[in-house]
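> here is the input, now give the coordinates:
(chains A and B)
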There are 2 protein chains.
Amino acid sequence: MHHESVNEWEQESKASAEDGLAAPARVGIVGLGLIGGSLALRLNSEGCEVLAWNPRQHPYEHAREVGIQCFDELSELAQAKPDVLVLCNPLAAMPEVLDVLKTSLDMEHTTLTDVGSVKGIVRDQVKKAGLESCYVGAHPMCGNELSGWKAANEHLFHNALWAVTFCDHTDYRRVMAVASMITRASHNRLIILDDKTHDRAAALISHMPHVAATALINMLVDSSDRNIAAALSAGSWRDMTRVALTDPNRTKAMVEENSGDVAYLLRQYAERLMSISYALDAHVASGTNRTEADREIDQFFSDGDEYRAYKAAQKRKQQNGEQTEVTFDTLHIDPENWRQDMLESAKRGEHIVRFTSAYRAIIENGAISQH
Amino acid sequence: MHHESVNEWEQESKASAEDGLAAPARVGIVGLGLIGGSLALRLNSEGCEVLAWNPRQHPYEHAREVGIQCFDELSELAQAKPDVLVLCNPLAAMPEVLDVLKTSLDMEHTTLTDVGSVKGIVRDQVKKAGLESCYVGAHPMCGNELSGWKAANEHLFHNALWAVTFCDHTDYRRVMAVASMITRASHNRLIILDDKTHDRAAALISHMPHVAATALINMLVDSSDRNIAAALSAGSWRDMTRVALTDPNRTKAMVEENSGDVAYLLRQYAERLMSISYALDAHVASGTNRTEADREIDQFFSDGDEYRAYKAAQKRKQQNGEQTEVTFDTLHIDPENWRQDMLESAKRGEHIVRFTSAYRAIIENGAISQH
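Here you go, the predicted structure:
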């Protein structure tokens, strides 16, 4: 690893902005909700030409005021040949949207992508519509509990990291088109990986925990002590159940889109909880004698220390401000083996800041710990 | 139920302040850490005479400046005959502290209480020291991630609710002594219940969820996708794992103090997670056919709707400000049957605002829903 100051890196990245990896000139957005609207506003204020379509036209007046071109028909947006077309519609609308695009999209010119939090299920639908050859999956880590155009704002994407996903047939040039939109136009970082790994990791970090939070409030509601428990509740309970208070139908839909991964992880999680519960019982039974159960309990409470250290370091970094020296490095990608190189980089915890040429990227180290 | 405006209630409560349930004149605090220090500062600024002892004397200079009387020896504090003595020392120090108190405390005059988050284990130790006849358990719902006198401040107890706990032998007059300190001096609300119910509810709302959060970060750390998962993490993960980032030894100690209840609830929780995981698998297997599994999934995501409605109502109340009309009622307590009356009131979700006479209290309705 070598260290570069932010300034050095800025200079290098400016110097290389002309080698074909500039931001796409025209980006199309399907669906001006919270995510689509925020992305449209951000790209628009960064100088992209933004084209948009929304099934209801209530956002159009304001969108047009700021300079976004709005279309009456989705097919017209497709025919306007954006360089990248981003599907920000709900998953439920995907079949209908793809049905229009399969007859109106110039697949040679336009790269198709989306912003869904589960990737496998979107690719299946894109494939069914015959649009896979121009498709790359994408999932930006941003959002809040709001929805709709009214809640949209360009700052939603501030510091967002995106996951960009491929399959065995993905064309590298399509990955670059989406990556350049993310890094050059939206000024965000990204990781590049296959759908399956993405969906498994998303289940671990988001979908499964949503189920866990939901099960917690179900435990409370079903308890005869529920009012007493609610009276005793404090910050830990509030934080752990916050996501269970959002629209449960939205959570259910999200979980069902990734059922297989979620179900598998729930069993692993439940087994861990069962195991520690037996250790706690054994701890009571053994009194003051130190037993195998006590060692299991100790292990359980120290297992996550690496993650605790990582979060503590992140916090220190934030407190010291963004001017702290950041560690950058260069990732060299083998054109013959780019899928594996990208996936391994993501697994090492590297976040791509931008590409300096088609097969060379500036990366920032975001690993939990350095083995 | 009848409605009273806050003003009517204020007048009534002022009118009854002279009937023997006034705040205790002298309160002793053992341990000037975050909780003990904050309580001492609060009671002191509310006009109580506050006496304190801390094993290390570094808080004494500042404490004395604000008017708190500090003692060199714990026995001297006990011999100064506070009306209520509040044990705010760590549980580990309890045997040593109780050992001093059993020879120095005037058990007839002083009511002993504590602030621990697990009640059964404290009573056992108090009993062992022969001090049970003057003891009432207490557990204020307040705190933060800090510790020590430096972090102490009187606002920590703002709007706190306390649980006050009894056993079969508890003297009602001791309950009143602690209750009047809570309502008249600290200006907080309380519920009154037995140790076992308290500890079971605390396990549900706090100790078990702490284990659940810890198991989540263990899942992440043990995953080969951990850096990818961490990159994809957003607000839901951050909130659900926050408590797992605090000192794991403190969490471990808390869980071990209530092992039996935590272990039992962990198994119930794990069984719920197992059950929904099988339903999700069956959902995948059944394709578009609606099956029993789908009904189970629907039920799982709607089970907590009553709690969601309760939290939404709480939020509306907060947004409308504290001047919103509050529903008060009067609780009449049968002197022969006070334990059951108090417990049932707590189970109904009633929070005691203050006592207007020994067997009559003003209560506020805090129930999840009204059955």
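> ok now the helix or strand containing A:His210, how far from the chain's centre?
In this structure, A:His210 is located in helix A:208-222 according to DSSP states H and E. Per C-alpha atoms, centre = their mean, to the nearest Å, the displacement of helix A:208-222 from the mean C-alpha position of its chain is 24 Å.
> ok, and does whichever helix or strand comes after it reach over to chain B?
Moving toward the C-terminus from helix A:208-222, the next helix or strand (DSSP H and E) is helix A:226-232. Yes. For helix A:226-232, a contact with chain B is found by C-beta under 8 Å from any C-beta of the partner chain, at A:Arg226, A:Asn227, A:Ile228, A:Ala229, A:Ala230, A:Ala231, A:Leu232. For every residue, glycine as well, the C-beta is placed using N, CA and C.
> can you check stretch A:295-313 too?
Yes. Against chain B, stretch A:295-313 shows contacts by C-beta under 8 Å from any C-beta at A:297-298, A:300-308, A:310-312.
> average pLDDT for the helix holding A:His210?
For helix A:208-222, mean pLDDT is 98.
> and that helix with helix B:208-222, angle?
Here helix A:208-222 runs at an angle of 170 degrees relative to helix B:208-222 (axes from the mean of the first three to the mean of the last three C-alpha atoms, to 10 degrees).
> helix A:208-222 close to chain B?
Yes. Contact of helix A:208-222 with chain B (C-beta under 8 Å from any C-beta) involves A:209-222.
> can you select the buried ones from these in ChimeraX?
For the buried members of those, the matching ChimeraX selection, counting by 16 or more other C-beta atoms under 10 Å in any protein chain shown, is:
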select /A:209,210,211,212,213,214,215,216,217,218,219,220,221
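> among the residues of helix A:208-222 next to chain B, which pair sits farthest apart?
Using C-beta to C-beta, the residues of helix A:208-222 next to chain B span at most 20.3 Å, a distance reached by A:Pro209 and A:Asp222.
> just the helices from the stretch 151-300 of chain A, written as ranges.
A:172-180, A:195-202, A:208-222, A:226-232, A:235-245, A:248-257, A:259-286, A:292-302 (DSSP state H, counting those that start in this stretch).
> if we can go back for a sec, can you redo the residues of helix A:226-232 next to chain B as TSV with pLDDT and neighbour count?
Below are the residues of helix A:226-232 next to chain B laid out as TSV (pLDDT from 0 to 100; neighbours: other C-beta atoms under 10 Å in any protein chain shown):
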residue	pLDDT	neighbour count
A:Arg226	97	23
A:Asn227	97	25
A:Ile228	97	25
A:Ala229	97	24
A:Ala230	96	23
A:Ala231	95	25
A:Leu232	95	25
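> who's in contact with whichever residue of the stretch 1-150 of chain A sits closest to chain B?
Using C-beta to the nearest C-beta, the closest approach of the stretch 1-150 of chain A to chain B is made by A:Met141 at 5.2 Å. Neighbouring residues of A:Met141 by C-beta atoms under 8 Å, 6 or more residues apart in numbering or on different chains: A:Ala160, A:Leu161, A:Trp162, A:Ala163, B:Ala231, B:Leu232, B:Ser233, B:Ala234.
> can you give me the strands in chain A?
For chain A, strands defined by DSSP state E occupy the ranges A:26-30, A:49-53, A:69-70, A:84-87, A:111-114, A:137-140, A:161-166, A:189-194, A:328-332, A:350-357, A:360-365.
> looking at those strands, which is nearest to B:Cys48?
strand A:161-166 (52.6 Å).
> strands paired with that closest one, and their directions?
strand A:137-140 (antiparallel), strand A:189-194 (parallel) (DSSP bridges).
> what mean pLDDT does the longest one get?
When the per-residue pLDDT values of strand A:189-194 are averaged, the result is 98.
> rewinding a little: got the strands of chain A as CSV, with mean neighbour count columns?
Below are the strands of chain A laid out as CSV (neighbours: other C-beta atoms under 10 Å in any protein chain shown):
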stretch, mean neighbour count
strand A:26-30, 26
strand A:49-53, 24
strand A:69-70, 20
strand A:84-87, 27
strand A:111-114, 26
strand A:137-140, 25
strand A:161-166, 26
strand A:189-194, 26
strand A:328-332, 15
strand A:350-357, 21
strand A:360-365, 19
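> let me know the pLDDT of A:Glu322.
On the pLDDT scale, A:Glu322 gets 55.
> cool, the one 5 residues further on as well?
At A:Thr327, the model reports a pLDDT of 77.
> count the residues that sit near it.
12 (other C-beta atoms under 10 Å in any protein chain shown).
> go on, A:Thr183?
22.
> spatially nearest residue to it (excluding sequence neighbours)?
Using C-beta to C-beta, 6 or more residues apart in numbering or on different chains and skipping the chain neighbours, the partner closest in space to A:Thr183 is A:Arg354 (4.0 Å).
> repeat for A:Met107
According to C-beta to C-beta, 6+ apart, the nearest residue to A:Met107 is A:Cys134 (4.4 Å).
> got it, and A:Asp261?
That would be A:Ala203: by C-beta to C-beta, 6+ apart, it lies 3.6 Å from A:Asp261.
> show me what contacts the one you found?
A:Asn258, A:Asp261, A:Val262, A:Tyr264, A:Leu265.
> return the member of these nearest to chain B.
A:Val262 (5.9 Å).
> the strands of chain A into a markdown table, with extra columns for distance to A:Gly130?
Shown next, in a markdown table, are those (distance: least, C-beta to C-beta, whole Å):
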| stretch | distance to A:Gly130 |
| --- | --- |
| strand A:26-30 | 17 |
| strand A:49-53 | 20 |
| strand A:69-70 | 27 |
| strand A:84-87 | 15 |
| strand A:111-114 | 11 |
| strand A:137-140 | 17 |
| strand A:161-166 | 18 |
| strand A:189-194 | 21 |
| strand A:328-332 | 33 |
| strand A:350-357 | 29 |
| strand A:360-365 | 31 |
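> how many neighbouring residues does A:Asp298 have?
Applying other C-beta under 10 Å, I find that A:Asp298 has 15 neighbouring residues.
> which ones are touching the closest residue to A:Asn153 other than its chain neighbours?
Nearest residue to A:Asn153, sequence neighbours excluded (C-beta to C-beta, 6+ apart): A:Ser38, at 5.8 Å. Going by C-beta under 8 Å, 6+ apart, A:Ser38 touches A:Cys142, A:Ala152, A:Asn153, A:Glu154, A:His155, A:Leu156, A:Phe157.
> could you pick out the residues of the stretch 1-150 of chain A near chain B for me?
A:His139, A:Met141, A:Cys142, A:Gly143, A:Asn144.
> change it to 10 Å
A:Ser117, A:His139, A:Met141, A:Cys142, A:Gly143, A:Asn144, A:Glu145 (C-beta under 10 Å from any C-beta of the partner chain).
> just the buried subset of these, please.
Going by neighbour count (16+ other C-beta under 10 Å), the residues of the stretch 1-150 of chain A next to chain B have A:Ser117, A:His139, A:Met141, A:Cys142, A:Gly143 buried.
> the last one contacts A:Gly116, doesn't it?
It refers to A:Gly143. No. Using C-beta atoms under 10 Å, A:Gly143 makes no contact with A:Gly116, being 11.7 Å away.
> what sits in contact with each of the two?
Listed as contacting both A:Gly143 and A:Gly116 by C-beta atoms under 10 Å, 6 or more residues apart in numbering or on different chains are A:Ile35.
> please parse chain A into its domains.
Under the assignment automatic domain parsing, the domains of chain A span A:6-194+A:324-365, A:200-316.
> for B:Phe328, find the nearest of the ones you listed.
Of all the domains of chain A, domain A:200-316 comes closest under C-beta to C-beta, at 16.4 Å.
> got the end-to-end distance for the closest one?
End-to-end distance of domain A:200-316: 30 Å, with C-alpha to C-alpha, to the nearest Å as the criterion.
> of all the strands of chain A, which one is nearest B:Ser275?
With C-beta to C-beta as the criterion, B:Ser275 lies closest to strand A:137-140 of the strands of chain A, at 29.2 Å.
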